[in-house]
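Peer 1: Build me a model:
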Amino acid sequence: MVKKVLAAVLAVVLCLSTAVSAFAVIIPNIVKKDDNVWLVEYDTETGKIETTLLYGHWHKFGNWVVTRMPTCTTTGLRYHTCLICKKTFWEDIDRLPHSWGSWTVTLETTDHSAGQRQHTCYICGTVESETFYPQGTLKLYDNGSEVTSLQMQLHEQGFLDSGYVDGQFGPKTKEAVQAFQSRIGLESNGIAWPQTLNLLRHEFSEWEVTVAPTYYEPGVMERHCSRCSFVETKPYGSVLRQGMYGDEVLQLQIRLNELGYATGSPDGSYGDTTRRAVRSFQTDKGFPPDGVAWPGVWDALFS
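Peer 2: Got it, this is the predicted structure:
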């Protein structure tokens, strides 16, 4: 009986719908009857009407009704009601964001400590504080070229394995920073403060010749860092020959010209004129005149 009543109602709806447009389509509709909820469906191809008793239904809600507006400190509250079953559903409304004023520094940073600052919401007066670090500080989970430079310095001084020179400030880099800080008597917290970075940079003495060059073999020069035990070395004396070019060749040409061995206008290119000038110098000094500026020739030129 109920199905027939619903079918009759739907038939009237179909007639009205058809009057509006010959191409109108009736979509599934939910009808409440005698405390039961029915799904009424019309098949546009067969013209058949089907009804199904539902034990639940799809809610069709009306507009939200706000009962408490949200602020930046409290959530709001709203509800909407199903137009079919009249059930009401409530939910919170997210808080609004704070409207912060400018930061005010309450504790200044130093080259080896963090500072504190705060700002205030000019709507609700909430105060938020945070820690901030002096410019240039590097710490755990930082990354980039500055971290890579730090890691290379730590590696040079024996505090970090080369496999961890990757631009990522991880636990191993922190441990290396702590070891360096402990070595030079700083607070060992693993944060690369500007003070730590400055002290990590070498402060070298003047270059000293530790191994004198022979005629054919370069000697050795070294310099020491006054802040740590790092020692830097480099060859003393170069081997220059025809076909080479660069600053050392330019210095060689200038020095030969100063001593009266003409090389022409110094251009940094070891050509035939420079070779002949070197041979003349070698002959005058009793060296084998092969035209090659061996370390012994270089040492004699600048001694």
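
Peer 1: which residues of the stretch 101-250 of the chain fall in strands?
Peer 2: Assignment of strands within the stretch 101-250 of the chain using DSSP state E, counting those that start in this stretch yields the ranges 104-107, 115-120, 127-132, 208-211, 219-224, 231-236.

Peer 1: Rebuild those strands as a markdown table, extending it with mean pLDDT and distance to residue 51.
Peer 2: Glycine gets a C-beta too; all of them are placed from N, C-alpha and C. As requested, those are arranged in a markdown table below (pLDDT from 0 to 100; distance: least, CB to CB, whole Å):
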| stretch | mean pLDDT | distance to residue 51 |
| --- | --- | --- |
| strand 104-107 | 96 | 70 |
| strand 115-120 | 97 | 63 |
| strand 127-132 | 96 | 60 |
| strand 208-211 | 90 | 104 |
| strand 219-224 | 90 | 97 |
| strand 231-236 | 85 | 93 |
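
Peer 1: For those, could you give me CSV that also reports distance to residue 281 and mean neighbour count?
Peer 2: What follows is the strands of the stretch 101-250 of the chain, written out as CSV (distance: least, CB to CB, whole Å; neighbours: other CB atoms under 10 Å):
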stretch, distance to residue 281, mean neighbour count
strand 104-107, 66, 12
strand 115-120, 63, 16
strand 127-132, 63, 12
strand 208-211, 22, 13
strand 219-224, 20, 16
strand 231-236, 19, 14
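
Peer 1: Out of those, flag the one nearest residue 174.
Peer 2: If you check each of the strands of the stretch 101-250 of the chain against residue 174 by CB to CB, strand 127-132 wins as the nearest, at 17.4 Å.

Peer 1: in this structure, which helix or strand is least confident?
Peer 2: Averaged element by element with mean pLDDT, DSSP states H and E, the chain has its least confident helix or strand at helix 2-20 (a mean of 43).

Peer 1: Give me the distance between residue 149 and residue 293.
Peer 2: As judged by CB to CB, to the nearest Å, residue 149 and residue 293 stand 36 Å apart.

Peer 1: which one of these two has more residues nearby?
Peer 2: More crowded of residue 149 and residue 293, by other CB atoms under 10 Å: residue 293, with 29 against 16.

Peer 1: Quick one: residues contacting the more buried one.
Peer 2: 238-241, 252, 278, 301 (CB atoms under 8 Å, 6 or more residues apart in numbering).

Peer 1: could you flag which of those residues are buried?
Peer 2: Using 16 or more other CB atoms under 10 Å as the burial test, those include 238-240, 252, 278, 301 as buried.

Peer 1: can these go into CSV with extra columns for distance to residue 197 and pLDDT?
Peer 2: Below are the buried ones among the contacts of residue 293 laid out as CSV (distance: CB to CB, whole Å; pLDDT from 0 to 100):
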residue, distance to residue 197, pLDDT
238, 34, 80
239, 38, 89
240, 38, 90
252, 39, 91
278, 46, 93
301, 41, 87
